[in-house]
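Participant: I'll drop the sequence and a predicted model, then ask my questions.
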Amino acid sequence: MALIAEGKTIEDALISAMKQLGVTDKTEIEYEIKQDKKGGFLGLFGKPAVIRAWVKSSETSQYNTRPEPVTSLEGRASREPQLSAEETYLVERAHHHLQTILEHMGFNPTITHHRRNGVFFFNIDVEEADKSGILIGKKGQTLGALQHIINRLIGLEEHSETIKIVLDVSGYRYKRDNFLRAKAQSLAATVKAKGEEVMLSPLHSSDRRVVHATLSEDPNVRTYTVGEGLYRNIVIAPNKQKRNGVKAASKPPKPKRHYEDMS
Amino acid sequence: MKELIEYIAKALVDHPDEVEVTEVEGEKVTVYELRVGDGDLGKVIGKHGRTARSLRTLLNAAAAKMGKRAVLEILEP
């Protein structure tokens, strides 16, 4: 049984639908957006938001909101608060855009998502597993492009700042992050042992974040970047301890630096 | 491929009705010309051209999957 509900915003329409359906929890109903609220001035004179809503039955659950135990980016998902109607709406828009774009690209995707710390992780599995490389691209370039587009498409809809969508293909990013973490730690060990800096090959900003974050807890090394734009390298350096506040009289000689390919 | 560009462009801009994609098929490369309405050019180009670059990357991937080559031209309105 479905009904049509109207409201100033999607949220208002949902609340109205819930009242009419006699449910108290947003998760008990499903809905599709017939019309997003349009134009108007200060919320006046615009067209209302219209949704079609119905009580959820277990078979009709369209989206898998459970975390994927194997491919989930961050491992076990912690307890997350229920999605607000707004978030549900945004996730559904993202899901829809992603599905449509991938279909236009000639893929037949299976998309799952879960949320962790306010970030939505979407994992894409494609039917032709051998073609997933095309979707990832060189150094994850294509995946990054798709992620940018999806975030932009969601950003154009209202209340965008609170949502961030991270895409993954068959756990690629998950594996890459694990690789980067392990590599960063082993390089840090070398840096500590030899006392010499290591410079990494240029990495994407999301990859750099993983390296920085991994080593931020290690007091014996520090990380910094050199270069700009596409040629930005991380340097892992030994963290010299200050000796009783006495500064060295002269600058130490420029440390030796090794180069490490991260591809 | 045309639909891919059209779909993304229409979702990005303020005036989806004014989005126009024309396909110019060459011997080896297919050129897709994208036109958007007045004031929407910035929307498809994005900050530092990032959105335009992303569009091209996706188009290249879609073309590669079909064993083709494709180029996206964004035209001034």
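Facilitator: Received, thanks.

Participant: need the per-residue pLDDT for B:R50.
Facilitator: The score at B:R50 is 89. That number is its pLDDT.

Participant: give me the element it is part of.
Facilitator: helix B:50-65 (DSSP states H and E).

Participant: tell me the centre residue of chain A?
Facilitator: A:V166 (2.1 Å; CA atoms, centre = their mean).

Participant: which one is A:R232 nearest to, not counting chain neighbours?
Facilitator: A:T225 (5.4 Å; CB to CB, 6 or more residues apart in numbering or on different chains). C-beta: built from backbone N, CA, C; applies to glycine.

Participant: tell me the phi and psi of that neighbour?
Facilitator: Note on A:T225: its backbone torsions stand at phi -120, psi 150 [degrees, to the nearest 10].

Participant: A:T9 reaches A:A49, doesn't it?
Facilitator: Yes: under the criterion of CB atoms under 8 Å, A:T9 makes contact with A:A49 at 5.6 Å.

Participant: name whatever forms a beta bridge with the residue nearest to A:R232.
Facilitator: Beta-bridge partners recorded for A:T225 (DSSP bridges): A:I234.

Participant: that one: what's it in contact with?
Facilitator: A:R208, A:R232, A:N233, A:I234, A:V235 (CB atoms under 8 Å, 6 or more residues apart in numbering or on different chains).

Participant: let me know the helix or strand that A:H212 is in.
Facilitator: Assigned by DSSP H and E, A:H212 falls in helix A:205-215.

Participant: the helix-or-strand element of chain B with minimal mean pLDDT packs against which elements?
Facilitator: Within chain B, no helix or strand scores below helix B:41-45, which has a mean of 92 by mean pLDDT, DSSP states H and E. Helix B:41-45 makes packing contacts with helix B:2-12, helix B:50-65, strand B:69-75 when contacts are defined by 3 or more CB pairs under 8 Å, 6 or more residues apart in numbering or on different chains; DSSP states H and E.

Participant: paired strands for the last one, with orientation please.
Facilitator: Right, the one you point to is strand B:69-75. strand B:29-35 (parallel).

Participant: just the helices from chain A, written as ranges.
Facilitator: For chain A, helices defined by DSSP state H occupy the ranges A:10-21, A:85-104, A:132-136, A:141-155, A:172-194, A:205-215.

Participant: show me what from chain B comes close to chain A.
Facilitator: B:1, B:3-4, B:7-8, B:11-12, B:46, B:50-51, B:53-55, B:57-58, B:60-62, B:64-66 (CB under 8 Å from any CB of the partner chain).

Participant: list only those of these flagged as buried.
Facilitator: B:1, B:4, B:7-8, B:11-12, B:46, B:51, B:53-55, B:57-58, B:60-62, B:64-65 (16 or more other CB atoms under 10 Å in any protein chain shown).

Participant: which residue is the nearest non-sequential neighbour of A:F122?
Facilitator: Closest to A:F122 by CB to CB, 6+ apart is A:H113, at 4.5 Å.

Participant: wait, isn't that neighbour in contact with A:Q99?
Facilitator: No: look at A:H113 against A:Q99 with CB under 8 Å: they stay out of range, at 11.5 Å.

Participant: of these two, which one has the most company?
Facilitator: Neighbour tally, A:H113 and A:Q99, criterion other CB atoms under 10 Å in any protein chain shown: the higher count belongs to A:H113, 24 against 16.

Participant: for B:A61, see how far away that one is.
Facilitator: From A:H113 over to B:A61 the distance is 21 Å, taken as CB to CB, to the nearest Å.

Participant: span of stretch B:41-55 from start to end?
Facilitator: End-to-end distance for stretch B:41-55: 13 Å, by CA to CA, to the nearest Å.

Participant: give the buried residues for the helix or strand of chain A with the lowest mean pLDDT.
Facilitator: Ranked by mean pLDDT, DSSP H and E, the weakest helix or strand in chain A is strand A:29-35, scoring a mean of 72. The neighbour-count check on strand A:29-35 (16+ other CB under 10 Å) flags A:I29, A:E30, A:Y31, A:I33 as buried.

Participant: in CSV, list these along with distance to A:R93.
Facilitator: As requested, the buried residues of strand A:29-35 are arranged in CSV below (distance: CB to CB, whole Å):
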residue, distance to A:R93
A:I29, 18
A:E30, 15
A:Y31, 13
A:I33, 8
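
Participant: which single one of those residues is nearest to chain B?
Facilitator: Closest approach to chain B among those (CB to the nearest CB): A:I33, at 14.3 Å.

Participant: right, and that closest one touches A:I10 too?
Facilitator: Yes: under the criterion of CB under 8 Å, A:I33 makes contact with A:I10 at 6.5 Å.

Participant: now list whatever residues contact both of these two.
Facilitator: A:A49, A:I51, A:Y89.

Participant: and those residues, which is closest to chain B?
Facilitator: Of the shared contacts of A:I33 and A:I10, the one sitting nearest to chain B (CB to the nearest CB) turns out to be A:Y89, at 15.3 Å.

Participant: A:T9 and A:A49: who's more crowded?
Facilitator: A:A49 (22 against 18).
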